[in-house]
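J.: Build me a model:
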Amino acid sequence: MNVTIYHNTQCGTSRNTLAMIRNTGIEPDIIEYLKDPPSRAQLVKMIADAGLTVRQAIREKGTPYAELGLDNPALTDDQLLDAMLKDPILINRPFVITPLGTRLARPSEVVLDILPGTHKGAFTKEDGEQVLDGEGKRIV
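T.: Reported below is the predicted structural model:
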């Protein structure tokens, strides 16, 4: 299965998502989006395919969101996209694309919705939360 993750190595959610993908035996295509951001068309498609609005796909925490006045409700999607492409840290992460769908994996276990159920055993996130049991089944 071809899987792509738009990844930030400094983000715990992104690292957990990558580890869950690998727990299925899949080695994804990893795009470090801060170094290699998506094109405008790719970003628009990812947001739409994930069922999000542009505003839902913008990252506020740890970014220049407030300083840039991006909380202004009068800003258009095009203006928000311009800001995200100019400063990719504003793109929320991680986006994951598989043949089963596209998700903004926040929380990280959302990625399980678009991965095959072939997990190789238990999975515990960096913060100690167990997501998969010893048989690789999702804990709800």
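J.: Low-confidence stretches in the protein?
T.: Counting by pLDDT under 70, the chain shows no low-confidence range.
J.: Mind jotting down where the strands sit in it?
T.: Under the criterion DSSP state E, the chain contains strands at 4-7, 29-32, 95-98, 101-104, 123-124, 130-132.
J.: Relative to residue 70, which of those strands is closest?
T.: strand 101-104 (17.2 Å; C-beta to C-beta). No exception for glycine: its C-beta is placed from N, CA and C like everyone else's.
J.: Contacts only, for residue 43.
T.: Contacts for residue 43 (C-beta atoms under 8 Å, 6 or more residues apart in numbering) come out as 37, 57, 81, 84-85, 91.
J.: okay, the strands of the chain, which one's buried deepest?
T.: Across the strands of the chain, the average number of neighbours (mean count of other C-beta atoms under 10 Å) peaks for strand 95-98, which reaches a mean of 25.
J.: what's that one in contact with?
T.: Contacts for strand 95-98 (C-beta under 8 Å, 6+ apart): 1-6, 17, 21, 28, 33, 46, 49-50, 102-105, 111, 114-115.
J.: Name the residue closest to the centre of this structure, please.
T.: residue 94 (1.9 Å; C-alpha atoms, centre = their mean).
J.: Quick check: closest non-adjacent residue to that residue.
T.: Excluding its sequence neighbours, the residue lying closest to residue 94 (C-beta to C-beta, 6 or more residues apart in numbering) is residue 14, at 4.2 Å.
J.: same deal with residue 70?
T.: Residue 70 sits nearest to residue 83 (C-beta to C-beta, 6+ apart), 5.9 Å away.
J.: Would you mind listing which of the contacts of residue 43 are buried?
T.: 37, 57, 81, 84, 91 (16 or more other C-beta atoms under 10 Å).
J.: And the furthest pair within these?
T.: For the buried ones among the contacts of residue 43, the farthest-apart pair by C-beta to C-beta is 37 and 57; their separation is 13.0 Å.
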